[in-house]
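Q: Show me the folded form of this:
(chains A, B, C and D)
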Number of protein chains: 4
Amino acid sequence: MAVLYVAVVGAGDAADGSPEVEAAEAVGWALATAGAVVVCGGLGGVMAAAARGAAAAGGTSIGLLPGTDRAAGNQWLSLAIPTGLGEARNALVVRAADAMVAIGGGYGTLAEIALALRADMPVIGLDTWDLARGGKRDSGIVTADGAPEAVAIALRLAGGEALDLR
Amino acid sequence: MAVLYVAVVGAGDAADGSPEVEAAEAVGWALATAGAVVVCGGLGGVMAAAARGAAAAGGTSIGLLPGTDRAAGNQWLSLAIPTGLGEARNALVVRAADAMVAIGGGYGTLAEIALALRADMPVIGLDTWDLARGGKRDSGIVTADGAPEAVAIALRLAGGEALDLR
Amino acid sequence: MAVLYVAVVGAGDAADGSPEVEAAEAVGWALATAGAVVVCGGLGGVMAAAARGAAAAGGTSIGLLPGTDRAAGNQWLSLAIPTGLGEARNALVVRAADAMVAIGGGYGTLAEIALALRADMPVIGLDTWDLARGGKRDSGIVTADGAPEAVAIALRLAGGEALDLR
Amino acid sequence: MAVLYVAVVGAGDAADGSPEVEAAEAVGWALATAGAVVVCGGLGGVMAAAARGAAAAGGTSIGLLPGTDRAAGNQWLSLAIPTGLGEARNALVVRAADAMVAIGGGYGTLAEIALALRADMPVIGLDTWDLARGGKRDSGIVTADGAPEAVAIALRLAGGEALDLR
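A: Okay, here's the model as predicted:
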């Protein structure tokens, strides 16, 4: 079977020890343990934690950086790719992945979630945005309880399997 | 004073005669009447209606198309620019503008809203997405009642003036 | 007949009064007089001169800027579009056009020429790069003698007509 | 010392057994043996050969694909990243690298060479384009005799060392 690529997105300024950072590290670890490649934006916070988790499991992570300086990438990335596209690199993070786990996050994370949903890519959310239109909640983001469940769902959906929880 | 550029974003498949399309046409007309340039994604639905409104007022509109074929642009555009960037062109629509009016819309529109908010650009919403995090409504999108109010707020905020309604 | 878009590319640091700048202004003027839209990178030197020429003829020019600041655009542009893509905006200048006139220029201009030839777009050169491979001169760039001839060829080829000089 | 990233660029339709393909495979092998990451456009011909060479040495290669389908990547890539940017992905190949080895190639390769020279990145050429301006040969591309010399120069220059042959 082909290797799966899963994007882990969230705030770049999430603090060490915060629930987002702990979740991101657990998600990165579980993805790498399952043999998936972790795709992220390459900077700090949730992105660094996902790469750190992947590294701890001996796995592979790739960071697609907004600027042109490779040194801006966090130290746990297997590969750091400066794109020079600014926030347009969010579209690259989405295209590079087969599924997305969104953890908390601000407007940049919301843009990545929206682009993924637009591309019919599975998006699994951990304490992230709630979307509604016309008073009706949008069901695009699949909500998970904790990192292990998020990864299990992401891998299942990234592999093309329909989600049928319980 | 410099010319203002205002993005009008919304669903490309909104039907003629729908409330979104009527609002977009009124928004395009009012923006052009005020001397602003209308920026959009260049395709149909809300994008075409905004360009049509601008044309009716004798104004200027520019469409930043996702594909490489200029002929995909709607017929009311002053300028149609094929970008070949796919959905990454959403980031260009945002960067090209000083403010955004979002009308209804799907996930592509949501991505444009999120990128604009990320860039601290004023976003005025007409029956568009509701955003929340952690059970708390996000106040990034400024809600307007109808096209004239949306345009008035957009022009005021695009000009750098602080919003102080009533 | 549809409006033609012609890119004018060359060095951003070409000096006022230089042959490149004078040629670019004449090319911009002739293109606008013929009803074509002038597409350029929006900055100084050849880009500013082309826009100035178009403005003198009452025509339309669009500048696709590398950065995110509209104010970096030269004052003669009809529309200044910040892309934030850095040098990747060269690909946008090419995609936005139906033909290209290259005037002198450095490596950035060479990249635009190459992308245009790659896309089978007509490229007309005025004192610009000479390309060779394996000791054999490449015939991709059509050489012109002066601005009027360059514009005449560009418009003919942009319209899809085969070039049959004399 | 930090890992070096070296782009290997050339024609996607170079035939198996051709001098370009053999050179690209040798370049990819030597780069990987030296611990460098091979960056390429991810498709066939020279790109596939460079990735194959890297794989034979147990090294790492990354392919930045023009389309949105990961399956278009050649089978020897360590990581295949669909960008959906079309030819604008050439700018990404350049930005991702610290030096470039150009082998033969067409207009797409020429665009990558030009963007690299524009960014002051070392470009080492093997039977690739000859550039001239105003009757004078451009000295931007460093010519090498064979794959081992090309790689030796690329690694030296990518590391920031001034080139001082002999």
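Q: Flag every residue of chain A that's near chain C.
A: Applying C-beta under 8 Å from any C-beta of the partner chain, we find that chain A lies next to chain C at A:68, A:84-88. C-beta coordinates here come from the backbone N, C-alpha and C atoms, glycine included.
Q: Let me have those residues in JSON lines, extended by secondary structure.
A: Output for the residues of chain A next to chain C, formatted as JSON lines (DSSP: H, G, I helix; E, B strand; the rest coil):
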{"residue": "A:T68", "secondary structure": "coil"}
{"residue": "A:G84", "secondary structure": "coil"}
{"residue": "A:L85", "secondary structure": "coil"}
{"residue": "A:G86", "secondary structure": "helix"}
{"residue": "A:E87", "secondary structure": "helix"}
{"residue": "A:A88", "secondary structure": "helix"}
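Q: now for those residues, which pair is the farthest apart?
A: By the measure C-beta to C-beta, A:T68 and A:E87 form the most distant pair in these, at 14.2 Å.
Q: out of the two, which sits in the more crowded spot?
A: A:E87 (22 against 14; other C-beta atoms under 10 Å in any protein chain shown).
Q: Do I have it right that that one meets B:A116?
A: No. Using C-beta atoms under 8 Å as the test, A:E87 is too far from B:A116 to be in contact (10.1 Å).
Q: list residues touching both of those two?
A: B:V94 (C-beta atoms under 8 Å, 6 or more residues apart in numbering or on different chains).
Q: so where do the strands sit in chain A?
A: Ranges of strands within chain A are A:5-10, A:37-40, A:61-65, A:79-82, A:99-103, A:123-126, A:129-133, A:136-137, A:142-143, based on DSSP state E.
Q: what's the closest of the ones you listed to D:S18?
A: strand A:79-82 (29.2 Å).
Q: Give me every residue in chain A lying close to chain D.
A: So chain A meets chain D at A:2, A:5, A:37, A:60, A:62, A:64, A:68, A:70, A:78-79, A:81-85, A:91-92, A:95-96 (C-beta under 8 Å from any C-beta).
Q: try it again with 10 Å
A: Listed as neighbours of chain D in chain A under the rule C-beta under 10 Å from any C-beta of the partner chain: A:2-3, A:5, A:37, A:39, A:60, A:62, A:64-65, A:67-71, A:78-85, A:88-89, A:91-98, A:119.
Q: shaky segments in chain A?
A: Low-confidence segments of chain A (pLDDT under 70): A:1, A:160-166.
Q: Enumerate every residue touching A:A111.
A: When contacts are counted by C-beta atoms under 10 Å, 6 or more residues apart in numbering or on different chains, A:A111 touches A:9, A:87-88, A:90-91, A:93-94, A:105, B:90-91, B:94, B:110-118.
Q: right, I mislabeled it, should have said A:I113
A: Neighbours of A:I113 in contact, by C-beta under 10 Å, 6+ apart: A:9, A:90, A:94, A:100, A:102, A:105, A:121, A:123, A:125, A:128-129, A:131, A:140-141, B:107, B:110-111, B:114.
Q: What of A:A132?
A: A:A132 sits in contact with A:138, B:129-132, B:137, where contact means C-beta under 10 Å, 6+ apart.
Q: who's it bridged to?
A: In this entry, A:A132 is beta-bridged to A:R137, B:D130, by DSSP bridges.
Q: how near is it to A:T143?
A: Between A:A132 and A:T143 the computed distance is 14 Å (C-beta to C-beta, to the nearest Å).
Q: now A:G59
A: Separation of A:G59 from A:T143 (C-beta to C-beta): 25 Å.
Q: Please identify which of those two sits among more neighbours.
A: A:G59 (21 against 14).
Q: okay, now the residue lying closest to the more buried one once chain neighbours are set aside: neighbour count?
A: Using C-beta to C-beta, 6 or more residues apart in numbering or on different chains and skipping residues adjacent in sequence, the residue nearest A:G59 is A:A32, 2.3 Å away. By other C-beta under 10 Å, the residues close to A:A32 number 25.
Q: residues contacting A:A32?
A: Taking C-beta under 10 Å, 6+ apart, we find A:A32 in contact with A:6, A:38, A:50-51, A:53-61, A:78, A:151.
Q: one step back: now the residues of chain A next to chain C as CSV including distance to chain B?
A: As requested, these are exported to CSV (distance: C-beta to the nearest C-beta, whole Å):
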residue, distance to chain B
A:T68, 16
A:G84, 13
A:L85, 8
A:G86, 7
A:E87, 6
A:A88, 4
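Q: Could I get the contacting residues of the closest residue to A:R133 other than its chain neighbours?
A: Nearest non-adjacent residue to A:R133, counting by C-beta to C-beta, 6+ apart: B:W129, 5.8 Å away. Each residue near B:W129 by C-beta under 10 Å, 6+ apart is listed here: A:110, A:114, A:129, A:131-134, A:138, B:102, B:104-107, B:109-110, B:113-114, B:123, B:138, B:141.
Q: Any of those buried? List them.
A: A:110, A:114, A:129, A:131, A:133, A:138, B:102, B:104-107, B:109-110, B:113-114, B:123, B:138, B:141 (16 or more other C-beta atoms under 10 Å in any protein chain shown).
Q: quick one, phi psi at the closest residue to A:S78 other than its chain neighbours?
A: Distances taken as C-beta to C-beta, 6+ apart put A:T60 closest to A:S78, at 4.6 Å, once the chain neighbours are dropped. Recorded main-chain torsions at A:T60 are phi -120, psi 130, according to degrees, to the nearest 10.
Q: burial measure for the nearest residue to A:V8 once chain neighbours are set aside, as a count.
A: Once flanking residues are discounted, A:V8 sits nearest to A:A50: 3.8 Å by C-beta to C-beta, 6+ apart. Under the neighbour criterion other C-beta under 10 Å, A:A50 is assigned a count of 36.
Q: wait, doesn't A:L117 sit right on B:E87?
A: No. A:L117 lies out of contact with B:E87 (C-beta atoms under 10 Å); the separation is 11.1 Å.
Q: Show me whatever sits in contact with both of those two.
A: Joint contacts of A:L117 and B:E87 (C-beta under 10 Å, 6+ apart) are A:94, B:107-108, B:111.
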